[in-house]
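A.B. asks: predicted structure and sequence below. I'll ask about it afterward.
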Amino acid sequence: MPELPEVETTRQGLAPHCIGRRVSEVAVHNARLRWPVPESLADTLTGRLIQRIDRRGKYLLLYCEHEANGHVGVLMVHLGMSGSLRLVEPGTDRKTHDHLVFSLSDREDDLDAEPQWELRYHDPRRFGCCLWLELPVEQHPLLVSLGPEPLSEAFDDQHLFRLSRGKSAPIKSFLMDSHVVVGVGNIYANEALFRVGIHPLREAGGISQARYKALSAAVREILAQAIERGGTTLRDFVNGKGEPGYFQQELSVYGRAGEPCVRCNKPLTEVRLSARSTVFCARCQR
Ligand SMILES: [Zn+2]
């Protein structure tokens, strides 16, 4: 499943190839994603210039300007469980689950110029979405209640401490709650808690501010590191070869149940929490 680092890597990979280009054609081959692709999307988007690509949580936000009237709207893309965005050369065989194809023209003004790239949305399980948003996007129901970005200054010990008071939820569930902070997926929650020695089932409301300080720093470091590693796979987004964006990471606990703890050698324990694999060291994490 694409996590925040994969989405950020996608954003960084696409931006230099998409910004300043015009959408010359939109082909919707399957509109039945998690939410239906709006019927008017092709009409709305065709001819618009891609101004910039932002990210909010795991949503990619492509700001697109209408040439004639200057109106700016946003194509919001979520990769769901199995989605990806690839840039390929026009004429490349369309794969079975390439549901949307955006033809991007040259940076010249000529809309009839041959498209230089095709941006393809691929999603076998169709849990993702491609929606059209009006500004300001922050007010959209899917975005309005999201917590701060984990790499922003708003995500710190004070924020976590304040929000956690009175909460009996396990710290791991608290950390993965997008109202608390966006984009901390299962892998990263497992890894961050191990790094700071906090037991994943400990009550969020009983954790000290000092421990939250260490935890927020660990989340930041782990995510930043993963995004940096993703940089080496950026070419996958432009040549369409191979599977995009899922990079190998050095993991201390996730996927290592029963194997020895890298610190104390005791076999790691696994429990299910909200149906998600939760791996920890019962000796190092308290
Ligand atoms: Zn240990």
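C.D. replies: That came in fine, so what should we check first? Numbering: from 1, shown residues only.
A.B. asks: buried sites along stretch 219-231?
C.D. replies: Neighbour counts over stretch 219-231 (16 or more other C-beta atoms under 10 Å) mark 219-220, 222-223, 226-227, 230 as buried. The C-beta positions use only the backbone N, C-alpha and C, and glycine is treated the same way.
A.B. asks: do stretch 196-215 as well
C.D. replies: Buried, per 16+ other C-beta under 10 Å, within stretch 196-215: 196-200, 202, 204, 207, 211-215.
A.B. asks: next: stretch 18-35.
C.D. replies: 18, 21-26, 28, 33-34.
A.B. asks: can you check stretch 49-61 too?
C.D. replies: 49-50, 53, 55-61.
A.B. asks: okay, those residues in TSV with pLDDT and distance to the ion next?
C.D. replies: Shown next, in TSV, are the buried residues of stretch 49-61 (pLDDT from 0 to 100; distance: C-beta to the ion, whole Å):
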residue	pLDDT	distance to the ion
Leu49	95	54
Ile50	96	48
Ile53	97	41
Arg55	97	35
Arg56	97	36
Gly57	96	32
Lys58	95	31
Tyr59	97	36
Leu60	97	38
Leu61	98	41
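A.B. asks: quick one on the thing from earlier: wait, which of the buried residues of stretch 219-231 is closest to the ion?
C.D. replies: Ile222 (17.7 Å; C-beta to the ion).
A.B. asks: find the closest residue to the ion in the stretch 101-250 of the chain.
C.D. replies: Phe194 (8.3 Å).
A.B. asks: would a markdown table of the buried residues of stretch 219-231 with distance to the ion and pLDDT be doable?
C.D. replies: Listed next are these as a markdown table, based on distance: C-beta to the ion, whole Å; pLDDT from 0 to 100:
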| residue | distance to the ion | pLDDT |
| --- | --- | --- |
| Val219 | 20 | 97 |
| Arg220 | 23 | 96 |
| Ile222 | 18 | 93 |
| Leu223 | 23 | 93 |
| Ala226 | 22 | 88 |
| Ile227 | 27 | 88 |
| Gly230 | 28 | 74 |
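A.B. asks: so which of these is the closest to Gly147?
C.D. replies: Relative to Gly147, the closest of these is Val219; by C-beta to C-beta it sits at 12.0 Å.
A.B. asks: returning to that earlier point: which of the buried residues of stretch 18-35 sit farthest apart?
C.D. replies: Checking the buried residues of stretch 18-35 with C-beta to C-beta, the most distant pair is Arg22 and Arg34, at 27.7 Å.
A.B. asks: filtering the buried residues of stretch 18-35 by proximity to the ion, which remain?
C.D. replies: Among the buried residues of stretch 18-35, no residue lies close to the ion (C-beta under 5 Å from the ion).
A.B. asks: in strands, which of these fall?
C.D. replies: Among these, the members falling in strands (DSSP state E) are 23-26, 28.
A.B. asks: what distance separates the helix or strand containing Leu163 from the centre of its chain?
C.D. replies: Using DSSP states H and E, Leu163 maps to helix 157-164. Computed by C-alpha atoms, centre = their mean, to the nearest Å, the chain-centroid distance of helix 157-164 equals 23 Å.
A.B. asks: tabulate the CA atom coordinates of that helix in CSV.
C.D. replies: Below are the C-alpha coordinates for helix 157-164, written out as CSV (Å, rounded to 0.1, in the frame of the first residue of the first chain):
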residue,chain,number,x,y,z
ASP,A,157,5.4,16.9,21.5
GLN,A,158,3.0,19.6,22.6
HIS,A,159,0.5,18.7,19.9
LEU,A,160,0.7,15.0,20.8
PHE,A,161,0.6,15.5,24.5
ARG,A,162,-2.4,17.9,24.4
LEU,A,163,-4.4,15.7,22.1
SER,A,164,-3.7,12.5,23.9
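A.B. asks: immediately after it, which helix or strand?
C.D. replies: Sequence order places helix 171-175 as the next helix or strand after helix 157-164, per DSSP H and E.
A.B. asks: what about the residue of the stretch 101-250 of the chain closest to the ion, helix or strand, and which?
C.D. replies: Going by DSSP H and E, Phe194 is in helix 186-196.
A.B. asks: CA atoms only: put that helix into CSV for me.
C.D. replies: Output in CSV follows, covering the C-alpha atoms of helix 186-196 (Å, rounded to 0.1, in the frame of the first residue of the first chain):
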residue,chain,number,x,y,z
ASN,A,186,1.3,0.8,9.9
ILE,A,187,5.0,0.2,9.0
TYR,A,188,6.1,3.6,10.3
ALA,A,189,4.1,3.5,13.5
ASN,A,190,5.7,0.1,14.3
GLU,A,191,9.2,1.4,13.5
ALA,A,192,8.9,4.7,15.4
LEU,A,193,7.6,3.0,18.6
PHE,A,194,10.4,0.6,18.5
ARG,A,195,13.0,3.3,18.0
VAL,A,196,11.8,5.2,21.1
